[in-house]
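Undergrad: my questions concern the predicted model and sequence given below.
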Amino acid sequence: MKISSKFNRRKLLAHSAAVAAFTIVKPSMVRGSQANSRIEVGLVGLGGRGRLIARLMTENHKRYHLTALADYFEQVVRAAGERFSVPKDRCFSGLSGYKGILAGKVDAILLETPPCFFPEHAAAAVNAGVHVYMAKPVAVDVPGSLAIGELGKKATNRRQVFFVDFQVPTDPFNIETVKRYKDGLIGETGMLSSFYTDEAFPDPPKTATIESRLRNLIWVNDIDIGGGFLVNAGIHAIDAALWMAGGPPAHAMGLSRIVRENPHGDTADVYSISYGFENGLILNHRGEHLKNTHGFTCNCIAYGQHGFAEIGYQGKAWLRGNKGGYRGGEVKDLYVQGIERNLSRFEQAVRRQRYDNPTVERSVNSTLATILGREAGRRNARITWDELIAENRRVEPDLTGLTA
C-alpha cells in the first residue's frame, strides 16, 4: 500500500469548507492566524537542532513567540529557558514534558526529539488542537509512519497545520532543477543514483537505561530510538530521489553491514540499496557513516536519455540535456537556510489558514522508503513495499528506568 492522499485530501478540504461556518475554533488558533499577532510556540527537544531553531525564532522570526520548552534533561531545559527568556514554570523535563507544554496556551508545537517519540507527541498535539512542526524522519517503524500519515489527514480535517521539515526541497536551485527535469529536458530517466556519506556519531557502551543514549546524537546508532543511519540521515538523499521519481518505490533489495570500531548500537553504517519502481525506474542508493575523513555528501543524480540532472544538500544543482539545460548554482548553508525557509512556510500556513499539509504524505513515503531499504539491507533480501506495510512491524525503545 502506498500512502496517497489525492482523493482523501480533496474530500477532506471539501468537507472542511462545507462545515467551516459551523466549526468552533479554539481561541489560540484564531490568535495565531491574526495578521498582527505572534504565534505562541512550545518547543520539545533541545539538542543542537532544537536550540538552533529556538535561536532562529527568537532572533530572526519575530512573529513567533517562544513561550514553553521541554527536554528530557532538566539541566538542559533550565539552561535553555534562561537563554531564551522562557519562564521557569513553562520549562518541563522528563518523558512527559511535552504534556506540560500542551496543557498551557500555545498555538503550535515544534518537535525536535529522537523520532521514536514523534507519533505519540504529534498525536497529543493534534488532539489538543495545536499546529505541529516536526523534524524528519517521522518515525522509526511502519506503524509510527502510518500513524503520522493519518494524523496529517486528521489535522487537515480539524483545520490545523502539520508540517515536516525537509531542507533539500526548499533550495531555489534544487526547485528549478527538478522543475525542468520534470518538464522532460533529459528525456526518460533510466536510473537515479543517490549518495549520503558523513562521519559516524558517538556510540559509547550502553548503560542500565537508555538515558545515556538520548544526548549528542548517540541515539542515531539505535534503530529503536533513532531509526538508524539510513532512516535518520540517508533519508535526505532518498527524499530527494523520490522527489525526482515522483513517488515511492515498489520494492528494494540491498546489503548493509557494521564497520565502525567498537559498535554498541545496532544500526548498519555502510549500505548499498537498489530500489525498483512500478514504471521500471531504478534507484541506486549508497551511504557510509565512518570516521574516515571523507566528509559529507548528500545528492541525487538522474541519468536520462538526453542528459542528466543533479540536486542535493550542497554542491551544484543543475541540468544538462540535448533539449535544453539549466546552469543552476551552488546549494549553500542549507542546514540553516532550510530551517529559515520552513519556519517562514509554517508561519504563513498558520496565518493564511492553509490546512492541506502537503509535506506529510511526502515525508511519510520517504520515511517508509528508508525503512524498506534498512530492512532489505539488514535481511540481505528483496522486500516489496506491500510486504513491508503488511508486516507492520513495531519497533519500540525500552523506557524502563527513565524519568516520567
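TA: Sure thing, it's come through.
Undergrad: buried residues in stretch 331-351, which are they?
TA: 331, 334, 338-343, 345-347, 349-351 (16 or more other CB atoms under 10 Å). (Each C-beta comes from the backbone N, C-alpha and C, glycine too.)
Undergrad: again, but for stretch 167-176
TA: 167, 168, 169, 170, 171, 173, 174, 176.
Undergrad: next one: stretch 110-120
TA: For stretch 110-120, by 16+ other CB under 10 Å, it's 110, 111, 112, 113, 114, 115, 116, 117, 118, 119.
Undergrad: can you check the pLDDT for the residue minimising distance to the centre of the chain?
TA: The geometric centre of the chain, computed from its C-alpha atoms, lies nearest to residue 136 (CA atoms, centre = their mean), at 1.8 Å. What the model reports for residue 136 is a pLDDT of 98.
Undergrad: that one reaches residue 366, doesn't it?
TA: Yes - assessed by CB atoms under 8 Å, residue 136 is found in contact with residue 366 at 7.3 Å.
Undergrad: right, and the helix or strand after the longest helix along the chain?
TA: In the chain, assigned by DSSP state H, the helix with the most residues is helix 358-379. Using DSSP states H and E, the helix or strand that follows helix 358-379 in sequence is strand 382-384.
Undergrad: and for the nearest residue to residue 140 once chain neighbours are set aside, the neighbour number?
TA: Nearest residue to residue 140 in three dimensions, chain neighbours excluded: residue 227, at 4.0 Å (CB to CB, 6 or more residues apart in numbering). Residue 227 has 32 neighbours, counted by other CB atoms under 10 Å.
Undergrad: ok, now residue 255?
TA: 14.
Undergrad: cool, residue 381 as well?
TA: That count, for residue 381 with other CB under 10 Å as the rule, works out to 12.
Undergrad: residue 248: neighbour count?
TA: 22.
Undergrad: and what about it, helix, strand or coil?
TA: coil (DSSP: H, G, I helix; E, B strand; the rest coil).
Undergrad: I figured it hits residue 369, correct?
TA: Yes - between residue 248 and residue 369 there is a contact at 5.5 Å, judged by CB under 8 Å.
Undergrad: are there residues contacting both of those two? Which ones?
TA: residue 242 (CB atoms under 8 Å, 6 or more residues apart in numbering).
Undergrad: just give the closest residue to the residue of the chain most remote from its centre, not the sequence neighbours.
TA: Most distant from the centre of the chain: residue 322, at 35.3 Å, with distances by CA atoms, centre = their mean. Distance criterion CB to CB, 6+ apart; nearest residue to residue 322, sequence neighbours excluded, is residue 306 at 4.0 Å.
Undergrad: contacting residues around the one you found?
TA: 185, 186, 187, 321, 322, 323.
Undergrad: apply 6 Å and report the result again.
TA: 186, 187, 321, 322, 323 (CB atoms under 6 Å, 6 or more residues apart in numbering).
Undergrad: where do the helices sit along this structure?
TA: So, for the chain - with DSSP H - the helices run 6-19, 27-33, 48-59, 74-83, 97-103, 118-127, 142-157, 172-182, 223-226, 229, 235-245, 334-351, 358-379, 385-391.
Undergrad: looking at the ones you listed, which is buried most?
TA: helix 229 (a mean of 29; mean count of other CB atoms under 10 Å).
Undergrad: what packs against that helix?
TA: The helices and strands touching helix 229, judged by 3 or more CB pairs under 6 Å, 6 or more residues apart in numbering; DSSP states H and E, number zero.
Undergrad: now that helix: how far from the chain's centre is it?
TA: 14 Å (CA atoms, centre = their mean, to the nearest Å).
Undergrad: can you name the residues bridging to the residue lying closest to residue 249 once chain neighbours are set aside?
TA: Nearest residue to residue 249, sequence neighbours excluded (CB to CB, 6+ apart): residue 275, at 3.9 Å. For residue 275, the beta-bridge partners are residue 252, residue 283 (DSSP bridges).
Undergrad: remind me, longest strand of the protein?
TA: When the chain is parsed with DSSP state E, its longest strand is strand 189-198.
Undergrad: direction included, what does it pair against?
TA: Here, using DSSP bridges, strand 189-198 pairs with strand 282-289 (parallel), strand 297-304 (antiparallel).
Undergrad: make TSV out of the ones you listed and add mean neighbour count and mean pLDDT.
TA: Output for those, formatted as TSV (neighbours: other CB atoms under 10 Å; pLDDT from 0 to 100):
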stretch	mean neighbour count	mean pLDDT
strand 282-289	22	98
strand 297-304	22	98
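Undergrad: out of those strands, the one nearest residue 40 is which?
TA: Across these, residue 40 has its closest neighbour in strand 297-304 (34.1 Å, CB to CB).
Undergrad: what sits up against that closest one?
TA: So strand 297-304 is contacted by 186-187, 189-197, 236-237, 240-241, 244, 308-313 (CB under 6 Å, 6+ apart).
Undergrad: for that strand, the distance to its chain's centre please.
TA: 20 Å.
Undergrad: quick one: residue 378 from residue 195, how far?
TA: 20 Å (CB to CB, to the nearest Å).
Undergrad: which residue, neighbours along the chain excluded, lies closest to residue 328?
TA: residue 318 (3.2 Å).
Undergrad: just the pLDDT for that neighbour.
TA: 98.
Undergrad: cheers, nothing more for now.
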